[in-house]
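Peer 1: Sequence below, structure please.
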Amino acid sequence: MGKMMLVYTVFAVIPMIFLTAYNYRKTSEILTEESFQEMQQNMVTTGKSLESSFLSYSTIMDLLYTNQMLNSYLSVDYTDISYWDMFSYIDKQLHSITILQPNIYRISFYSTNRTLPQDNYYFYKKEELPAGFEAKASEKSGSTTIGGIVNKDGVDYLGFIRKLNYYSSGEIENYLVMMVDANSINEQLGQNDNSRQMYLVDEAGQVLAAGAAAAESDIGKLIPGWKEIPSGDTGRKISMDGIDMIGMRREEDMGLNLLLLIDQESLLAETAEVTQRILFVFLLSSSFVFCAIWLYGKMAEKRVEKVVYAAKKLGDGQFDYILSDMGYDEIGQIANAFNSLNERIQILIRENYEKKLLLKSSEMNLLQEQINPHFLYNALSVISSMAIREGGKKTVQSVRYLADFYRISLNKGRQTVSVQEELDLLQNYMKIQKLRFGDAVDISYDADREILPCRTIKLILQPLVENAIHHGTRGEEVLHISVRVGQDGNRIFYEVSDDGLGIEPEKLVQLRTELKQSQEGFGLKNVDIRVKLNYGKEYGVTINSVYGKGTCIRVEIPRTAGSAFVNNDCL
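Peer 2: Numbers count the residues shown, from 1 in each chain. Below is the predicted model:
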């Protein structure tokens, strides 16, 4: 699979990458040229739109400039005469103009004629001209020009000014000022954003209009060296706030300059978009090819891995693992041969296991049969002795107790009983021993009720207690025996402790060794062997004893585990 992907990468992916890079470069050159031409067209269109608007405003100024009646009214001394005719005439003329041109906010006159009414709407004193307006009007020698931006009540207006010197009136000077809403000019420039910015500036660099509110009124602070941008159809690369821009400049009437700045990256945006589409299609197709190669390789690889995994399972001894849905090709034929081998091995194992199972069952029965005759012999000895001494009364009781014991012990041939039945076996046994020893043996019971229904192999407790009586009794002292049955995690434990004679250290070591080696025998060794056969070597008998103080014997079995012979689940 790796080789197939390598071949595809070398002969398909790498050439396609070089082809895409070449296509990106050529496309960038073409689209950059197209974008530059679009900038030029945008500048021409916007310039003509501004020229048309300024021409209409200039024409209005020219009409007012050449109006002899208007100039005469502005030059008359109104000290002794009424100015009502003059006001009515001018109001009619200017009102008709503002009706036809809604972008014109106001037309006003600034004059040195002190007799004119100062209404602060049409007529103002010359001294009230906005800063810089008089100098620009004088510089243009009677031509219409833009004086600058005037802010009234929070709104910006573009101010056109012209000195009314067509008819000389001696010492009287009059200036015509027209206020145009700056937003109408801003709208013609378009909307400024991060990639495109357009400004209208005067010769001094004051921003008169922009696509949006300019952050600075001085273009020099926004674009240092803006005058170095060539005027015409060529552009120049400049830096603005750390961003590479392409700048173009166009000279307009009245000494104005139109500046257009476009982010260099935006010129290549369309190129990048086309390239991204090409790369997307290429990557998508490559992904499909890679997926096809990968899926084909994975299918073959998984089938081989299944065969290898099955071989490892066979090596680990798991002979029931079967390979399925492997097909009919060469790998499928190997899998079928492997399955046939596993089936033959399972047949052989099953035959061998059944033989061992029968042998183990025979051993268990033999061990069980060793317990019953041994106990029966001891019990009959007791009964015989009591019958000789007492004449028969206790003999009857002993026989009855013995019958109860064997009724539970035999259990219709079954090897398992409940924990409750195991305790009943021990209690019947102790009733017989009480007839023999009387108060010389005192036994107490402590059993966890929760585990009484659980299953266990039979005759575990009786040999432990019998061992305590046989080896723990010393003279005339009362032997106290404590029987505990409980649970420790997922284990059930039987614990028989006494305060008897105890076991000598040398004999204790020997007894532990015999238990560890699972040597055959009666009593404790028999119990230990049966527990290990049923539940495993991690379970069995544990002996602790202090000579002269007593002995404690503990047997542990699993609570929820079973074996071939015992199901230890609770009822």
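
Peer 1: which outside residues touch stretch 481-500?
Peer 2: The contact list for stretch 481-500 (CB atoms under 8 Å, 6 or more residues apart in numbering) reads 419, 423, 426, 441-448, 450-451, 454, 456, 460-461, 464-465, 468-469, 471-474, 479-480, 539, 549-560. C-beta: built from backbone N, CA, C; applies to glycine.

Peer 1: Ends of that stretch, what's the gap?
Peer 2: Across stretch 481-500, the terminal residues are separated by 9 Å (CA to CA, to the nearest Å).

Peer 1: buried set for that stretch?
Peer 2: Of the residues in stretch 481-500, those with enough neighbours to count as buried (16 or more other CB atoms under 10 Å) are 481-485, 491-500.

Peer 1: Closest to Ser340 out of those?
Peer 2: Taking CB to CB as the measure, Ser340 lies nearest Arg491 of the buried residues of stretch 481-500, at 43.1 Å.

Peer 1: hang on, the earlier thing: show me just the buried residues among the contacts of stretch 481-500.
Peer 2: Buried residues within the contacts of stretch 481-500, counting neighbours by 16+ other CB under 10 Å: 419, 423, 426, 441, 443, 447, 451, 454, 456, 460-461, 464-465, 468-469, 471-473, 479-480, 539, 550-559.

Peer 1: Cross the residues you listed against strands and list the overlap.
Peer 2: Those of the buried ones among the contacts of stretch 481-500 mapping onto strands are 441, 443, 447, 456, 479-480, 550-558, per DSSP state E.

Peer 1: about what we covered before: of the buried residues of stretch 481-500, just say which sits nearest to Ile104.
Peer 2: Of the buried residues of stretch 481-500, the one sitting nearest to Ile104 (CB to CB) turns out to be Arg491, at 104.0 Å.

Peer 1: what is the closest one paired to in the beta sheet?
Peer 2: Judged by DSSP bridges, the bridge partners of Arg491 are Asp488, Pro558.

Peer 1: Look up how far Leu426 lies from it.
Peer 2: Here the distance between Arg491 and Leu426 works out to 20 Å (CB to CB, to the nearest Å).

Peer 1: With Lys306 instead?
Peer 2: Distance, Lys306 to Leu426, by CB to CB: 56 Å.

Peer 1: Just to be sure, Arg249 is in a helix?
Peer 2: No - counting by DSSP: H, G, I helix; E, B strand; the rest coil, Arg249 is not part of a helix but strand.

Peer 1: correct me, but it touches Leu259?
Peer 2: Yes - under the contact definition of CB atoms under 8 Å, Arg249 touches Leu259, with a separation of 5.5 Å.

Peer 1: Name the residues contacting each of those two.
Peer 2: When CB under 8 Å, 6+ apart defines a contact, the residues bordering Arg249 and Leu259 alike are Trp226, Ile229.

Peer 1: so where's the stretch 101-250 of the chain uncertain?
Peer 2: Applying pLDDT under 70 to the predicted model, the residue ranges of the stretch 101-250 of the chain that meet it are 166-170, 191-195, 212-216, 233-243.

Peer 1: Now do the helices in it.
Peer 2: Taking DSSP state H, counting those that start in this stretch as the criterion, the stretch 101-250 of the chain contains helices spanning 133-139, 182-189, 219-222.

Peer 1: how about the longest one: buried residues?
Peer 2: Within helix 182-189, the residues scored as buried using 16+ other CB under 10 Å are Ala182, Ser184, Ile185, Asn186, Gln188, Leu189.

Peer 1: Please, where are all the strands along the stretch 1-150 of the chain?
Peer 2: 104-111, 123-125, 145-152 (DSSP state E, counting those that start in this stretch).

Peer 1: And for the last one, what's in contact with it?
Peer 2: Under the criterion CB under 8 Å, 6+ apart, residues 105, 130-133, 136-137, 139, 156-162, 177, 179, 182, 202, 206, 208, 217, 254-256 lie in contact with strand 145-152.

Peer 1: go with 6 Å
Peer 2: Around strand 145-152, the neighbours that count as contacts under CB atoms under 6 Å, 6 or more residues apart in numbering are Pro130, Gly132, Phe133, Lys136, Asp156, Tyr157, Gly159, Phe160, Ile161, Met254.

Peer 1: what's the fifth one in contact with, if anything?
Peer 2: It stands for Asp156. Residues in contact with Asp156 (CB under 6 Å, 6+ apart) are Ile149, Ala182.

Peer 1: bridging residues for it?
Peer 2: On DSSP bridges, the residues paired with Asp156 through beta bridges are Asn151.
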